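Would you be able to build a 3D model of this:
(4 chains)
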Number of protein chains: 2
Amino acid sequence: MGAGKTVTGKTVASPARDPDRKVKSDVTRQKVLTAAARLFSERGFAGATMRDIAAAADMRAGSLYYHFPSKTDLIEVVLDHGVLHVSTAVEQAMAALPPSTSCRARIRVAIAAHLDSILQNGAFASLSRHLQAQVPDEIRRRHVERRDAYSAFWLDLLQAAVDAGEIRADLDIRLTRTFLLGALNAALDWYRPDGKPVETLAEEFTAILGEGMFVPVPPAR
Amino acid sequence: MGAGKTVTGKTVASPARDPDRKVKSDVTRQKVLTAAARLFSERGFAGATMRDIAAAADMRAGSLYYHFPSKTDLIEVVLDHGVLHVSTAVEQAMAALPPSTSCRARIRVAIAAHLDSILQNGAFASLSRHLQAQVPDEIRRRHVERRDAYSAFWLDLLQAAVDAGEIRADLDIRLTRTFLLGALNAALDWYRPDGKPVETLAEEFTAILGEGMFVPVPPAR
DNA sequence: GTCTATAAGTCGATAGAC
DNA sequence: GTCTATCGACTTATAGAC
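Here you go, the predicted structure:
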């Protein structure tokens, strides 16, 4: 697993020989990223200091600059790590489905995968929501591009369902997509691990979104 | 209008005499609050400096301390101003409905009022979502209490609909409430004034949430 | 790779003139 | 009520020892 994985930021040439080379550096790097994700999401971009982040990763502030050239570069990597994790998880869940799977079922699976991924990786995922606006302009611009790519996947998924006649054709699917993702991501703000398991949550979300909360009234005939 | 309105924070005794007294101070105070809301939501709590906020209100940093004892006090007022505005707007919209109004219609109206209020007051409203986590512990604790009070209104509204048989009884209404508010508040992240008018948005949101996005399948009979 | 020490700048907040 | 001037603490980032 992950033997030749490309970590955002540094471009690693090839993992060909020496299976254990430069692993030590990557372990530290990952520890810094995890600490940074937590502190950025708790205190904001300006509020989380390099000293805080270093301390949370058992280091001193100066040492961070061996791994990341600046605070700005650090948060860009953390930010992208978040969307990358979610989109990868959802893509894999979709790829595992048999080709004959209905659009309804695909949407159910995508909701569950998205929810599972963001809740399991809370700090990284919530960054994009909570302090996307706080980072320098260029960082934000690039991040939004990467986010939009994932968002496009959902639009395709919903459009396919409309074409298959499984979603009501009178809906604005762009709006539906935004509404759906907004509702799912909001779970980051309130979900606590001691509550319902994520699978249950995904089922109930799909039920509300799919069938609606009102009791159906038969079209007066 | 608003002659005797109670501004959060300072307790104003009575507006009895002198209709123009101490109005000058309140105008400045309001200008500071508006500037602070915008900058806090753009840059976070730590990222928006007192110098920035003062400049946006055409003042110098030192002058802010005549109106607010500290940066912490300032953001608490801004934060509360946000939820107060929304809950007031929704309460008024509900109060204007005839007593015979169905639960469905009440929910529709509440959604429209909530959406209208947060979108018209974006900077104030988004604070609670985006940097609630960045403020000192005690400020956050107090703010969450005020937020919960508004949230309780929605639970009552949904519960009444269940009792009236207008919402499917198999739903977890606490979860439904959270889901609904999450989806509505997410509009703060993407809504642009040049898009659909808020009324249209509210109708489509209610349609998705109320009737669901899937085309109904008749229960195989 | 990580440390210490420090440069150069900014922060919140206060004091006192006007 | 708003200003200027300033204090002390804290910030990102760098330099060089180990």
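
Can you get me a residue count around the nearest residue to residue A:168 once chain neighbours are set aside?
If the residues on either side of it in the chain are set aside, residue A:168 comes closest to residue B:215, at 5.3 Å by Cβ to Cβ, 6 or more residues apart in numbering or on different chains. All C-beta spots, glycine's among them, are computed from the backbone N, C-alpha and C. Residue B:215 has 14 neighbours, counted by other Cβ atoms under 10 Å in any protein chain shown.

OK, contacts around residue B:215?
Applying Cβ atoms under 8 Å, 6 or more residues apart in numbering or on different chains to residue B:215 gives the contacts A:165-168.

phi, psi of it?
Dihedral pair for residue B:215: phi -70, psi 130, per degrees, to the nearest 10.

hmm, the helix or strand where residue A:145 lies in reach of DNA strand D?
Secondary structure assignment for residue A:145, by DSSP states H and E: helix A:137-163. No. Using Cβ under 7 Å from any atom of the strand, helix A:137-163 stays clear of DNA strand D, coming no nearer than 11.8 Å.

What helices and strands are in contact with that helix?
In terms of contacts (3 or more Cβ pairs under 8 Å, 6 or more residues apart in numbering or on different chains; DSSP states H and E), helix A:137-163 is packed against helix A:71-95, helix A:103-120, helix A:173-190.

Quick one: the ones you listed as JSON lines, columns for mean neighbour count too.
Shown next, in JSON lines, are the helices and strands packed on helix A:137-163 (neighbours: other Cβ atoms under 10 Å in any protein chain shown):
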{"stretch": "helix A:71-95", "mean neighbour count": "18"}
{"stretch": "helix A:103-120", "mean neighbour count": "20"}
{"stretch": "helix A:173-190", "mean neighbour count": "20"}
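
burial of residue A:194, as a residue count?
5.

now the one 4 residues further on
Around residue A:198 there are 19 other residues, counting by other Cβ under 10 Å.

List the residues that contact it.
The neighbours of residue A:198, taking Cβ under 8 Å, 6+ apart as the test, are A:112, A:115-116, A:119-120.

Let's see that with 7 Å instead.
By Cβ atoms under 7 Å, 6 or more residues apart in numbering or on different chains, residue A:198 lies in contact with A:115-116, A:119.

Need these in JSON lines (columns: distance to residue B:210 and pLDDT).
Below are those laid out as JSON lines (distance: Cβ to Cβ, whole Å; pLDDT from 0 to 100):
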{"residue": "A:115", "distance to residue B:210": "22", "pLDDT": "97"}
{"residue": "A:116", "distance to residue B:210": "27", "pLDDT": "97"}
{"residue": "A:119", "distance to residue B:210": "27", "pLDDT": "96"}
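
out of the residues you listed, who's nearest residue A:52?
Nearest to residue A:52, judged by Cβ to Cβ, of these is residue A:119 at 24.6 Å.

Identify, from the contacts of residue A:198, the entry nearest to residue B:43.
Taking these together and measuring to residue B:43 by Cβ to Cβ, the closest member is residue A:119, at 27.8 Å.

how close does residue A:124 sit to residue A:36?
Taking Cβ to Cβ, to the nearest Å as the measure, residue A:124 falls 10 Å from residue A:36.

list the residues that contact both of the two?
By Cβ under 7 Å, 6+ apart, residue A:124 and residue A:36 have these common neighbours: residue A:78.

returning to what we had before: show me the one of the helices and strands packed on helix A:137-163 that comes nearest chain B.
helix A:173-190 (2.5 Å; Cβ to the nearest Cβ).

report the angle between the axes of the closest one and helix B:137-163?
Counting by axes from the mean of the first three to the mean of the last three Cα atoms, to 10 degrees, helix A:173-190 lies at 120 degrees to helix B:137-163.

Just the buried residues of the helix or strand following helix A:173-190, please?
Remark: after helix A:173-190, the chain's next helix or strand is helix A:198-211, criterion DSSP H and E. By neighbour count with 16 or more other Cβ atoms under 10 Å in any protein chain shown, helix A:198-211 contains the buried residues A:198, A:201-202, A:204-211.

of these, list those near DNA strand C.
With the criterion set as Cβ under 7 Å from any atom of the strand, no member of the buried residues of helix A:198-211 is near DNA strand C.

Looking at those residues, which is nearest residue B:93?
Closest approach to residue B:93 among the buried residues of helix A:198-211 (Cβ to Cβ): residue A:208, at 23.3 Å.

Look up how far residue B:175 lies from that closest one.
Taking Cβ to Cβ as the measure, residue A:208 and residue B:175 are separated by 8 Å.

ok, now residue A:154?
On the measure of Cβ to Cβ, residue A:154 and residue B:175 end up 22 Å apart.

And residue A:29, by the same measure?
Distance of residue A:29 to residue B:175, given as Cβ to Cβ: 38 Å.

Check residue A:174 too.
Distance from residue A:174 to residue B:175, counting by Cβ to Cβ: 26 Å.

swap in residue A:192?
Per Cβ to Cβ, residue A:192 is found 13 Å from residue B:175.

Any buried residues in the strand or helix carrying residue A:36, and which?
Using DSSP H and E, residue A:36 sits within helix A:23-43. For helix A:23-43, burial by neighbour count (16+ other Cβ under 10 Å) applies to A:28-29, A:32-41, A:43.

ok, those vs residue A:181, which is closest?
For the buried residues of helix A:23-43, the nearest to residue A:181 is residue A:41 (18.4 Å; Cβ to Cβ).

Does the closest one touch residue A:130 like I think?
Yes. Contact status for residue A:41 versus residue A:130: in contact at 6.0 Å, counting by Cβ atoms under 7 Å.

pLDDT weak spots in chain A?
By pLDDT under 70, the weakly predicted segments of chain A are A:1-21, A:219-221.

Spell out which parts of it neighbour DNA strand D.
Counting by Cβ under 7 Å from any atom of the strand, chain A sits next to DNA strand D at A:48-52, A:61-62, A:65, A:69-72.

For those, which single residue is the most surrounded?
In terms of neighbours by other Cβ under 10 Å, the residues of chain A next to DNA strand D top out with residue A:48 at 26 neighbours.

and the closest residue to it other than its chain neighbours, what does it touch?
Leaving aside its chain neighbours, residue A:48 sits nearest to residue A:39 (3.9 Å; criterion: Cβ to Cβ, 6+ apart). Contacts here follow Cβ under 7 Å, 6+ apart; on that basis residue A:39 touches A:48, A:52-53, A:56.
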